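[1] When you get a sec, could you give me coordinates for this:
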Amino acid sequence: MKSKLTPPHTLIIAEAGVNHNGTLKLALELCDAAREAGADVVKFQTFRAEDVTTASVAEAAYQSDNIGVTESQQDMLRRLQLPYEDFATLKAHCDDIGITFASTACDPKGLDLLVNLKVPFLKIGSSDVTNFLLLEAAGRSHLPVIFSTGMSTLGEVEAGVRLLERSGCTDLTLLHCTTSYPCPPQDVNLKAMLTLKTAFGYPVGYSDHTEGLQIPLAAVALGACVIEKHFTLDRKLPGPDHKASIEPHELKELVKEIRALEQALGDGIKRPTATELEIREVVEKRLVAACPISAGEIFNADNIVVKRSTSGLSATQYHKLLGSISPRDFAADEGIVLP
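    Next comes the predicted model:
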């Protein structure tokens, strides 16, 4: 099953998330940096703090560690949210500079805003795998959906997928993800991405929270059609996600390496390349005369040999040639050619 959303190459999503720290200026700079790095998409998160969390929910441990402050999620998210009107500005700017704008819908209000902005797809984050209200709204939009599956079992993913389908979603991409910031390699379980593809038949990709670039490159090699990676202008900026993000020069390197890897993966047809055909002319082993051979002499193991040569029968014909009669004289090292 294919998605209309993914281009011929891997869709690279630069996950700006909340790394704008609640300021439009920084968000616009993130759009510019993602475009300069060659990413296909720059993606944010659309929410209002009071709509997605109660006042009593504490931060995750990594969030308080990275921020250096212990507070409620609602207080933290209130500082990191953008006013809804800023998303229209961001999309217009992305349209102007030539990069796709997208955002994670965190609740139905945010989803409606994104639909009205005519985004090309909806992103559903891992924290909403079991949020059936949001999944129903996403399905009813009839937009392509990219669905992250961190923190969930295969059964929970299946329930979400089936609900999206029943609600009207016909274009779905599933992202394997481990919700850990940063994610240690032993927790990645990259083969689970292949499990998702086998289980549901939809295109799959990988949302990465590891340090470095190796794991997303491995995901592309395994068949990921979408790669999402958090990025920031500066890892030293205050905020929960900056430390687990890559900087613009690293994002540029990731794009470069993915594009090179795509070329290396090829089309799967086993055949010599044009360069190999040229080299083959001078390195392929052929049948040549081991010594002078007279016309009428019988070819045998003593008078024919296999060597690199630009003329002569293929070495595959060695046993077929044994015992046959030479049609003419051959000089030593001359390629054996039959009329």
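[2] per-domain residue ranges of the chain.
    Domain segmentation of the chain under automatic domain parsing yields 11-265, 271-339.
[3] need these in TSV with mean neighbour count, can you?
    For the C-beta atoms, the positions are set from N, CA and C on the backbone; glycine is no exception. Listed next are those as TSV, based on neighbours: other C-beta atoms under 10 Å:
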stretch	mean neighbour count
domain 11-265	19
domain 271-339	13
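[4] Make TSV out of those domains and add distance to Leu5.
    Listed next are the domains of the chain as TSV, based on distance: least, C-beta to C-beta, whole Å:
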stretch	distance to Leu5
domain 11-265	4
domain 271-339	31
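[5] Next, format the ones you listed as a markdown table and append mean pLDDT.
    Output for these, formatted as a markdown table (pLDDT from 0 to 100):
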| stretch | mean pLDDT |
| --- | --- |
| domain 11-265 | 94 |
| domain 271-339 | 97 |
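[6] Give the bridge partners for Ala105, please.
    Thr46 (DSSP bridges).
[7] Next one: it from Asn116, what distance?
    Computed as C-beta to C-beta, to the nearest Å, the Ala105 to Asn116 distance reads 12 Å.
[8] gap between the nearest residue to Gly201 once chain neighbours are set aside and Glu278?
    What sits nearest to Gly201 in space, not counting adjacent residues and going by C-beta to C-beta, 6 or more residues apart in numbering, is Met1, at 5.1 Å. Distance, Met1 to Glu278, using C-beta to C-beta: 40 Å.
[9] Next: Glu156.
    Glu156 is 54 Å from Glu278, where distance means C-beta to C-beta.
[10] ok, now Thr54?
    For Thr54, the distance to Glu278 - C-beta to C-beta - is 68 Å.
[11] and if you look at Glu228?
    Relative to Glu278, Glu228 is positioned 41 Å away (C-beta to C-beta).
[12] how about the strands of the stretch 201-339 of the chain, start to end?
    In the stretch 201-339 of the chain, the strands defined using DSSP state E, counting those that start in this stretch lie at 204-208, 226-230, 285-289, 304-308.
[13] Quick check: neighbours shared by Ala105 and Asn116?
    Residues touching both Ala105 and Asn116 (C-beta atoms under 8 Å, 6 or more residues apart in numbering): none.
[14] Now do the phi/psi pair for Ile13.
    Dihedral pair for Ile13: phi -100, psi 120, per degrees, to the nearest 10.
[15] just Met151 next, same as before
    Main-chain torsions, Met151, degrees, to the nearest 10: phi 70, psi 20.
[16] Pull the contacting residues for Phe101.
    By C-beta under 8 Å, 6+ apart, Phe101 lies in contact with Cys31, Val41, Val42, Lys43, Leu90, Lys91, His93, Cys94, Asp95, Leu117, Val119.
[17] Could you measure from it over to Ile227?
    On the measure of C-beta to C-beta, Phe101 and Ile227 end up 18 Å apart.
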